[in-house]
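# Fold the following for me, if possible:
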Amino acid sequence: MANANVLTFTDANFETEVMQSQVPVLVDFWAEWCMPCKMLSPTIDALADEFKGKAKIGKVDTDSNREVSVKLGISAIPTVFIFKGGQVVKKFVGLQSKAQLAEALEAASK
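Numbering: from 1, shown residues only. Below is the predicted model:
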């Protein structure tokens with residue numbers, strides 16, 4: 001991943017990085033072979049820059065991290081969750097606009 005502001009979430013760190021986070025967290029569930037996921041990537045990068053210091057933005061590779069993907073019921077990718085206080089406050093399936101994701105993150109930040 002090219003953007004240093006985009007975190008990598010895994011089965012091993014999901015609990016501490018996402019569920020126990022003090023700030024809202026946007027999690028993009030993706031896979032290397034998924035073309036819509038690759039199309040969403042620049043949007044995720046832009047949000048990571050825009051929300052630096054206000055929220056965590058990261059990705060879960062569903063091929064490498066099946067435990068968390070199964071636990072959250074990921075059945076299609078890309079799927080984007082926004083967590084606040086360890087709870088899912090918003091879920092998006094498929095390609096989304098930067099504006100839609102930013103609006104949901106702003107709402108979770110309040």
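# Run through the helices of the chain in chain order.
14, 35-50, 66-71, 98-109 (DSSP state H).
# how about the ones you listed, which one is nearest residue 86?
helix 14 (10.8 Å; CB to CB). (C-beta placed from N, C-alpha, C; glycine too.)
# can you list contacts of the closest one?
Contacts with helix 14, where a contact means CB atoms under 8 Å, 6 or more residues apart in numbering, come from 60, 65, 68.
# What is the nearest of those residues to residue 24?
residue 60 (16.1 Å).
# Which residues does that closest one form beta bridges with?
Beta-bridge pairing for residue 60 (DSSP bridges): residue 29.
# Settle this for me: residue 66 is touching residue 29, isn't it.
No - contact between residue 66 and residue 29 fails when scored by CB atoms under 8 Å: they sit 11.1 Å apart.
# Tell me which of the two has more neighbours.
Neighbours per residue, other CB atoms under 10 Å: of residue 66 and residue 29, the larger number sits with residue 29, 23 against 12.
# So which residue is dead centre in the chain?
residue 27 (1.4 Å; CA atoms, centre = their mean).
# quick one on the thing from earlier: can you lay out the contacts of helix 14 as TSV showing distance to residue 86, neighbour count and pLDDT?
Output for these, formatted as TSV (distance: CB to CB, whole Å; neighbours: other CB atoms under 10 Å; pLDDT from 0 to 100):
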residue	distance to residue 86	neighbour count	pLDDT
60	16	26	98
65	18	20	97
68	13	21	97
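# for the residues you listed, which one is nearest residue 15?
Nearest to residue 15 among the contacts of helix 14, with distances taken as CB to CB, is residue 68, at 8.9 Å.
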